[in-house]
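Enquirer: have a look; sequence and predicted model below, questions after that.
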There are 2 protein chains.
Amino acid sequence: VKRSPATRLDPRHLADGYALASWTRAIRQSVLRDILPLASEPGTLSFALGMPAPELFPREALGAAAAAVLADPEALQYAVPAERLKEHVVALMAARGVQCRASEVFLTTGAQQGMDLLARLFVEDRGTVLVEEATYDGLLMAVKPMRPRVLTVPTDARSGLDVDAVESLLCRGDRPAFLYVMSDGHNPLGVSLAADKRARLVDVAARHGLAVVEDDAYGLLHYEGGAARPLRALGPDVLYLGSFSKILAPALRVGWIVAPEPLLPRLSAIKQASDLDTATFSHRVAAAYLDAAALPAHLERLRVEYRARRDALLQAIAAHFPEEARVTRPRSGFFAWVELPERIDTRLLLPLAVRGHRVAYVPGHAFAARDSRRLASCLRLSFSSVARQEIDVGISRLGAVLKEALRP
Amino acid sequence: VKRSPATRLDPRHLADGYALASWTRAIRQSVLRDILPLASEPGTLSFALGMPAPELFPREALGAAAAAVLADPEALQYAVPAERLKEHVVALMAARGVQCRASEVFLTTGAQQGMDLLARLFVEDRGTVLVEEATYDGLLMAVKPMRPRVLTVPTDARSGLDVDAVESLLCRGDRPAFLYVMSDGHNPLGVSLAADKRARLVDVAARHGLAVVEDDAYGLLHYEGGAARPLRALGPDVLYLGSFSKILAPALRVGWIVAPEPLLPRLSAIKQASDLDTATFSHRVAAAYLDAAALPAHLERLRVEYRARRDALLQAIAAHFPEEARVTRPRSGFFAWVELPERIDTRLLLPLAVRGHRVAYVPGHAFAARDSRRLASCLRLSFSSVARQEIDVGISRLGAVLKEALRP
């Protein structure tokens, strides 16, 4: 493996003496992963990572589910994916206003694997993808091996993605492999797509033959009455990504794709190559948990608690942030987005916030699909994993950092 | 997504009205997956799939481990991969004669994901890989997205892979991204690589800068005293794949790669894009199981039982197979390989065996890296999941099928 005369002419990427595939030159660790150690220093109040509150995990019920699963020796064996879990997903989708069949549900190792599988299925090497200017970096990581051209459209902080911009791109002839969009609880913007835009987006996509990948990881965590129905409810061709990571527990690694049936054998073949696409213990534990019908009450408990944390966050921001700061009001999900005056660089400010004031956030640039000056003065706050009574003190610390930075 | 005038000029693969990445034309479901329904018909004795015996899963101990894990709320949270499990892997590797550090251990979702990650890391688009003529089809699936040129070397049924053939290829200028090899309990051949060949292979690889991926999923299941040490014990550059699927339980999806440290951040970045590379519940359950130090006794129990099944298989073959059949004598793993006269096509024979005689196997062509007439008259028998007392009747059924087919 070490560099030798014979490999000198190799076109591959030579790194640390290894001849690697050339796309790996572009490998970067997730920016969020870099922030993890900073944000988890003791005493630091972290609004950085989009983690669910561990005290809300239904540990006892999951323990009972695990015990029930282990009563059957075949539960630990290689097997086709858990059919019962697919049926539960169908019911959950119905609660989101989506009609689908179990034969359209494909189980994944979390929503991230759904992105990876769809990226491999749809994106040509050096193809094109379409995303919002500020988007989930996990999607950008998933498409990286294809070295794609990344097109972006802006997102309005109140009404969501700019559908006109999507249509303009398509009309001028761009042919992205897909558009990636979060309709509810947008990560990082916290915005929900306006109802009229949903209908228009599905229509535009259908007319132009644009594949739409809708990431709905946060859609079941809505805080203001019923949430709007996702795009998949309006267009059966929409490729829908769901996840139990935020509503049950991330370490179970249970997610799903809802996709038109003809795609499922292909998804299965790609997943077989990735990790065998065999029934997992976690998938079975999730199914057993759902058998007990405890999810609706659990979801309601999550909504109540996360809604209270969101309200505490918005209240604290109103009290402590400089008046120049603008913040989104999330109807779903874990995140609020803060826009600051252009002279602020939130990346430069982070070490000061963490070391000087023991408070953490994620700088806007971490979500930039392309270099973006606009996002450099923004930051994302996650209110999901900070205890309600600590939110005010955390935000007052961050307010002090921002006011200090804005002092003329 | 549906085919529209705009997508007609698209270079992508148009399938069922979808514009997919062009490599997906080559997608085939695993042949083994096709055999699953055939082989699992009630009353059929199946020597087809390489499944561990479910009655040997340590269900109670895993239940206790799961309960212990769930005592900590953080155990279900996003987190960096389980450090304690890496330490246990280091100890397990030492039992295989391999010295490594926890910082060289990378945890995966089963060994299949290890193959996928190494394929993405090493194999250029339209690059070259080197495998044995008969090899594990999961590796072939993992490299498929790169549309590689697949070079092959023969394998001797007694001494394993032909090291001279590897050296010849390298000397004539071929530069495969890696050689994929199974040193012990070869799937499908059941052969173990001779000790002198191991040393020579590591030497040849080092001299030519050839990366070696060693799949040791079966190495801990050895039946004739201590097994030979894997290649990784002889060369620290060897990329080693390990798995708990055969020694603990497949549905846990716990595997690992041992690789030189500089590669680990890259593997992590690729796994983050695949499924976030977060600590999983299963990984933590495995760690808690290993904490209880029950694995050595469990492994010994597995070896005793699988050895008895292997012996029963070989005895039954000697009693019931036509004398023209030649069979390997596996020292490790789950498989024996049967070579039959060239006029036999084991693929054509399978429906007759299953429907007419209620016995199943995997035809040799399922493991062919390239079209191979030689493998068409071979078959793989797995002795791992057939109860000891049923092996003789199953093999006598298959013997009848083969004798019938060979009748002049």
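Expert: Received, thanks.
Enquirer: got the contact list for the nearest residue to residue A:129 once chain neighbours are set aside?
Expert: Sequence neighbours aside, residue A:148 is the residue nearest to residue A:129 in space, at 4.9 Å (criterion: CB to CB, 6 or more residues apart in numbering or on different chains). Placement of C-beta: from N, CA and C, glycine included. Taking CB atoms under 8 Å, 6 or more residues apart in numbering or on different chains, we find residue A:148 in contact with A:123, A:126, A:127, A:128, A:129, A:177.
Enquirer: if we go to 7 Å?
Expert: Residues in contact with residue A:148 (CB atoms under 7 Å, 6 or more residues apart in numbering or on different chains) are A:123, A:126, A:127, A:128, A:129.
Enquirer: tell me the mean pLDDT over the helix or strand containing the last one?
Expert: For residue A:129, the enclosing helix or strand under DSSP states H and E is strand A:128-132. Along strand A:128-132, the predicted local confidence has a mean pLDDT of 98.
Enquirer: list the helices and strands the lowest-mean-pLDDT helix or strand in chain A packs on?
Expert: Lowest by mean pLDDT, DSSP states H and E among the helices and strands of chain A is helix A:31-39, with a mean of 72. On a contact count with 3 or more CB pairs under 7 Å, 6 or more residues apart in numbering or on different chains; DSSP states H and E, helix A:31-39 meets strand A:359-360.
Enquirer: which residues sit against the strand it packs on?
Expert: For strand A:359-360, contacts defined as CB under 7 Å, 6+ apart pick out A:35, A:38-39, A:44-48, A:353-354, A:394, A:397-398.
Enquirer: just the ones of these in helices?
Expert: A:35, A:38, A:39, A:394, A:397, A:398 (DSSP state H).
Enquirer: and the furthest pair within the residues you listed?
Expert: Within the ones in helices among the contacts of strand A:359-360, A:35 and A:397 form the most distant pair, 16.7 Å apart (CB to CB).
Enquirer: so who does residue A:335 touch?
Expert: Listed by CB under 7 Å, 6+ apart, the contact set of residue A:335 reads A:50, A:187, A:188, A:190, A:380, A:381, A:382.
Enquirer: quick check: it vs residue A:185, distance?
Expert: Per CB to CB, to the nearest Å, residue A:335 is found 7 Å from residue A:185.
Enquirer: again, but for residue A:26
Expert: Here residue A:26 is placed at a distance of 29 Å from residue A:185 (CB to CB).
Enquirer: looking at the two, which is more packed in?
Expert: residue A:185 (28 against 11; other CB atoms under 10 Å in any protein chain shown).
Enquirer: is that one in a helix, a strand, or coil?
Expert: The three-state assignment at residue A:185 reads coil, by DSSP: H, G, I helix; E, B strand; the rest coil.
Enquirer: quick one: it and residue A:337 touch, right?
Expert: No. Checked against CB atoms under 7 Å, the pair residue A:185 and residue A:337 is beyond contact range at 11.5 Å.
Enquirer: which residues touch the residue nearest to residue A:401 when sequence neighbours are not counted?
Expert: Counting by CB to CB, 6+ apart, residue A:401 lies nearest to residue A:353, which is 4.7 Å off, once chain neighbours are set aside. Contacts for residue A:353 (CB under 7 Å, 6+ apart) come out as A:359, A:360, A:361, A:398, A:401.
Enquirer: can you list those residues in CSV and add neighbour count and pLDDT?
Expert: Formatted as CSV, the contacts of residue A:353 follow (neighbours: other CB atoms under 10 Å in any protein chain shown; pLDDT from 0 to 100):
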residue, neighbour count, pLDDT
A:359, 25, 96
A:360, 25, 96
A:361, 24, 96
A:398, 25, 98
A:401, 19, 97
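Enquirer: can you list the contacts of strand A:359-360 in JSON lines and add distance to residue B:293?
Expert: Shown next, in JSON lines, are the contacts of strand A:359-360 (distance: CB to CB, whole Å):
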{"residue": "A:35", "distance to residue B:293": "37"}
{"residue": "A:38", "distance to residue B:293": "37"}
{"residue": "A:39", "distance to residue B:293": "35"}
{"residue": "A:44", "distance to residue B:293": "37"}
{"residue": "A:45", "distance to residue B:293": "40"}
{"residue": "A:46", "distance to residue B:293": "36"}
{"residue": "A:47", "distance to residue B:293": "42"}
{"residue": "A:48", "distance to residue B:293": "38"}
{"residue": "A:353", "distance to residue B:293": "45"}
{"residue": "A:354", "distance to residue B:293": "40"}
{"residue": "A:394", "distance to residue B:293": "43"}
{"residue": "A:397", "distance to residue B:293": "46"}
{"residue": "A:398", "distance to residue B:293": "47"}
